[in-house]
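Enquirer: no sequence on this one, just coordinates:
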């Protein structure tokens, strides 16, 4: 997947790490699946028909008519921080406004933390199958990447984490998605949450808790985030992208207050600040008190879509296939028969049945082959009818393989 | 200015470069000058009373009511790229939509380019007095910083650039603000523009042309940007922050088309993408055709404010003081008598006369002392009356020193 740039003008030298730069598979995929007629279960997109667009339009309009300086540079908006403290309390996370750091989405939180914590050539600990965004963030550091496997029912193998630390590994951070893992769909068990936090403290290694999906829970009692168990070693990343809309490009970090000034300097280098207008608009939307009802709608609708997908997989997929049963988030991870090449399968799926997914290898660290027979399916961005049709088509491609 | 974090919990290790992290002087300053009663000539803020807020509110409302997916993730918006191509043509820069790379403001353009071009410990070439944002961007790379002086009438000392290159320096890039230098207010002469581009080609060193102020020109015939002279070695950075409003957080880069895929991967790691909603809103504002009239208003008003500031400096400041006469942008750079300590002067200015500026040392590379007797004044964010009053107060502080 190394990219060729044969037309680049002679003599231009790029940074060394770019030699091994991967194209963004997901970004390329979006180009493929936006072709008309493709039924896509590929992207990580929320359902745009569920966006609270009218309420958000009222919020933007309100902000622009009542705050003459809403479009100016400004420090982080305190009222938004107050809303975030409330949101975190709903997840059993106690925090103060002074610990809230506004980001231009959770991806920026990752990026800022990597710069704060990671030296060039330093160690990081991640799962061997994981969100591509973390892999892209660490690539410029040319780090030593330590990996652990993930159990599809209980999450990250914290025993493997402990073994690495006991043997002397001292990663700059451990990256973990405790709820609704992307791409695996699994959530971390209570025991493993406690174990991870205990390891972080014992070995003085920070945990980056990436939680864009934690508010999209389809079961009664979700586990609280890691940040509920520790306020010193856990850096929590939240986002409005999946609970309001991606284009607000607004998220947050909960971090030790003593680090906020340093985080501010790092972020300033990155994009100066998160749009003051957008911060005020998000806060104005939250002021209306509509988020709880909106979240209830998302949970109901996405829960139904998840149920539809799981039912159809049961009905249509071959008996040797296995898949995760996510309690939250947007993704189901499917393992097909050993030896299946899901990259080749995707090509046929698009050509023969106009249906798309992301092949597992896209999420495998350092081009490893362990996920070559796997695929990620998204259930948030298609109606139940489209999901039924999509799984039927996909099953036909698999059977005819 | 190294920051103390005495309350940080024991054992947390940060990346090495953070040991020498500077606080953001400008950010700290904004806190000081937002205190009620302070007359600020400090910040780099545009005039919020001139923002086309109503037109922009109509644009956002139009986008949200007509594009049901305006709040979704989306690829860069082609119509915005087309507008940018037109804007660049007005500056005599020919470019194609395929060379336009949308950024979350020009600062992000800088950041993305540094990651693409600079190795840890690599060389960069910048002016010894320069925008703090570039210094913040390169700090994590712990680079070897080569510097050249700047002439206050003709800009960057390109002879010094040539000497460094001739002696074997091969910086990852040369950073230059050809129009309305921040903080010096000077624009680069035509001869030096040609010289720089010729050097970039001869020595195969990219130029980063940072141009947030180029559209704010108060003279008849501005020089075209460096990008008008070369399309291979010049990476041009533009921004809507100063010509529309900062909170749109939307800017652009003009770069060789072959590099756009790599730039996309680097940007994706940083913030996934620039808000599709904001891109559409900016494009919708530009669709109305109001930008030329709006720019005319900005040029007229800012030009008047500049004239007021220059007249007042002439009238009020001591005869040994010297200052730049900017043809564009937002800043005047003042040199006071040798030996003056403008950091101490600021303290007195705020306490005794409730007036603020940025002391020159804030812009000096690596804590050098050459600008300790200098200061930066902003004329865009105060009315002519306030500028008159501000310069009077400042002159009193200087005289009483």
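Expert: Yep, it's here. Only a predicted model underlies this, so the values are computations on that prediction, with no experimental measurement involved. Numbers count the residues shown, from 1 in each chain, chains lettered A, B, ... in the order given.
Enquirer: where along the stretch 151-300 of chain A do the strands fall?
Expert: Across the stretch 151-300 of chain A, reading from the start of the chain, the strands by DSSP state E, counting those that start in this stretch fall at A:155-156, A:174-176, A:207-210, A:234-239, A:251-254.
Enquirer: Show me what the first one is packed up against.
Expert: In this structure, strand A:155-156 packs against helix A:190-203, with contacts taken as 3 or more CB pairs under 8 Å, 6 or more residues apart in numbering or on different chains; DSSP states H and E. Backbone N, C-alpha and C define where each C-beta goes, glycine included.
Enquirer: as a whole number, average confidence for the helix it packs on?
Expert: Averaged across helix A:190-203, the pLDDT comes to 98.
Enquirer: what do you get for stretch A:220-227?
Expert: If you average the per-residue pLDDT over stretch A:220-227, you get 91.
Enquirer: Not counting that stretch itself, show me its contacts.
Expert: Counting by CB atoms under 8 Å, 6 or more residues apart in numbering or on different chains, stretch A:220-227 makes contact with A:88, A:91-93, A:95, A:176, A:178-179, A:187-190, A:193, A:196-197, A:207, A:209, A:211, A:214, A:234, A:236, A:254, A:327-328, all of which sit outside it.
Enquirer: quick one: low-confidence ranges for the stretch 301-401 of chain A?
Expert: By pLDDT under 70, the stretch 301-401 of chain A has no low-scoring segment.
Enquirer: Which residue would be the closest one in it to chain B?
Expert: Taking CB to the nearest CB, chain B has its nearest neighbour within the stretch 301-401 of chain A at residue A:381, 9.2 Å off.
Enquirer: The closest residue to that residue other than its chain neighbours: neighbour count?
Expert: In space, not counting the residues next to it along the chain, residue A:381 is nearest to residue A:45; the distance is 4.2 Å by CB to CB, 6 or more residues apart in numbering or on different chains. Taking other CB atoms under 10 Å in any protein chain shown as the criterion, the count of residues near residue A:45 is 21.
Enquirer: and if you look at the one 5 residues further on?
Expert: Using other CB under 10 Å, the number of residues around residue A:50 comes to 14.
Enquirer: and it, what does it touch?
Expert: Here residue A:50 is in contact with A:297-298, A:301 (CB under 8 Å, 6+ apart).
Enquirer: Inside helices: which ones of those?
Expert: The members of those that map onto helices under DSSP state H are A:297-298, A:301.
Enquirer: Compare those residues and tell me which has the most neighbours.
Expert: With neighbours set by other CB under 10 Å, the maximum within the ones in helices among the contacts of residue A:50 is found at residue A:298, which has 22 neighbours.
Enquirer: hang on, the earlier thing: so the residue of the stretch 301-401 of chain A closest to chain B touches residue A:47, yeah?
Expert: Yes. The criterion here is CB atoms under 8 Å, and residue A:381 meets it with residue A:47 at 5.8 Å.
Enquirer: From residue A:364, how far out is residue A:370?
Expert: Residue A:370 is 6 Å from residue A:364, where distance means CB to CB, to the nearest Å.
Enquirer: quick one: which of the two has more around it?
Expert: In this view residue A:370 and residue A:364 are compared by other CB under 10 Å, and residue A:364 has more residues nearby, 20 against 14.
Enquirer: doesn't residue A:376 make contact with the more buried one?
Expert: No. Using CB under 8 Å, residue A:364 is not in contact with residue A:376, being 11.5 Å away.
Enquirer: what about the residue found closest to residue A:284 once you drop the neighbours it is linked to in the chain, which SS state?
Expert: Residue nearest to residue A:284 in three dimensions, not counting chain neighbours: residue A:59, with 3.8 Å by CB to CB, 6+ apart. Going by DSSP: H, G, I helix; E, B strand; the rest coil, the secondary structure assigned to residue A:59 is helix.
Enquirer: likewise residue A:11?
Expert: Going by three-state DSSP, the state assigned to residue A:11 is coil.
Enquirer: That one against residue B:206, yeah?
Expert: No. Taking CB under 8 Å as the contact criterion, residue A:11 and residue B:206 are not neighbours in contact, 9.9 Å apart.
Enquirer: Just send the contacts of residue A:50 back as CSV, with distance to chain B too.
Expert: Formatted as CSV, the entries for the contacts of residue A:50 read as follows, by distance: CB to the nearest CB, whole Å:
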residue, distance to chain B
A:297, 15
A:298, 14
A:301, 16
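Enquirer: Nearest to residue A:275, out of those: which one, please.
Expert: Looking at the contacts of residue A:50 and their distance to residue A:275, the nearest is residue A:298, at 23.8 Å (CB to CB).
Enquirer: Distance check, that closest one against residue A:214.
Expert: Distance, residue A:298 to residue A:214, by CB to CB: 13 Å.
Enquirer: Between the two ends of stretch A:319-336, how far is it?
Expert: The straight-line separation of the ends of stretch A:319-336 (CA to CA, to the nearest Å) is 9 Å.
Enquirer: got it, and stretch A:241-248?
Expert: Looking at stretch A:241-248, the gap from its leading to its trailing residue is 7 Å under the measure CA to CA.
Enquirer: Please state the offset of it from the chain centre?
Expert: Taking CA atoms, centre = their mean, to the nearest Å, one finds stretch A:241-248 lying 13 Å from the centre of the chain it belongs to.
Enquirer: Tell me if it is near chain B.
Expert: Yes. Under the criterion of CB under 8 Å from any CB of the partner chain, stretch A:241-248 makes contact with chain B via A:245-248.
Enquirer: could I get those residues as JSON lines with pLDDT and neighbour count?
Expert: Written out in JSON lines, the entries for these read as follows (pLDDT from 0 to 100; neighbours: other CB atoms under 10 Å in any protein chain shown):
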{"residue": "A:245", "pLDDT": "98", "neighbour count": "27"}
{"residue": "A:246", "pLDDT": "98", "neighbour count": "25"}
{"residue": "A:247", "pLDDT": "98", "neighbour count": "28"}
{"residue": "A:248", "pLDDT": "98", "neighbour count": "28"}
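Enquirer: farthest-separated two in those residues?
Expert: Checked with CB to CB, those reach their widest spread between A:246 and A:248, with 7.3 Å between them.
Enquirer: residues shared between the contacts of the two?
Expert: Both residue A:246 and residue A:248 are contacted by residue B:71, under the criterion CB under 8 Å, 6+ apart.
Enquirer: and the stretch 51-200 of chain A, which of its residues are near chain B?
Expert: For the stretch 51-200 of chain A, the residues in contact with chain B under the definition CB under 8 Å from any CB are A:51, A:53, A:56-57, A:60-61, A:64-65, A:68-75, A:104-105, A:107-108, A:111, A:115-120, A:122, A:133, A:136-137, A:139-140, A:172.
Enquirer: Go ahead and build a ChimeraX selection from the buried members of the residues you listed.
Expert: The following ChimeraX command selects only the buried members of those, with burial defined by 16 or more other CB atoms under 10 Å in any protein chain shown:
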select /A:51,53,56,57,60,61,64,69,70,71,72,73,74,104,105,107,108,111,115,116,117,118,119,120,122,133,136,137,139,140,172
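Enquirer: Now, the residues of the stretch 51-200 of chain A next to chain B that are in helices?
Expert: Counting by DSSP H, those place A:53, A:56-57, A:60-61, A:64-65, A:107-108, A:111, A:115-117, A:133, A:136-137 in helices.
Enquirer: now for these, which pair is the farthest apart?
Expert: Pairwise distances among these were taken by CB to CB; the largest, 42.0 Å, belongs to A:65 and A:117.
Enquirer: What residues sit buried inside stretch A:220-229?
Expert: Of the residues in stretch A:220-229, those with enough neighbours to count as buried (16+ other CB under 10 Å) are A:222-229.
Enquirer: Then stretch A:382-397?
Expert: Residues of stretch A:382-397 classed as buried by neighbour count (16+ other CB under 10 Å): A:382, A:384, A:386-391, A:393-395, A:397.
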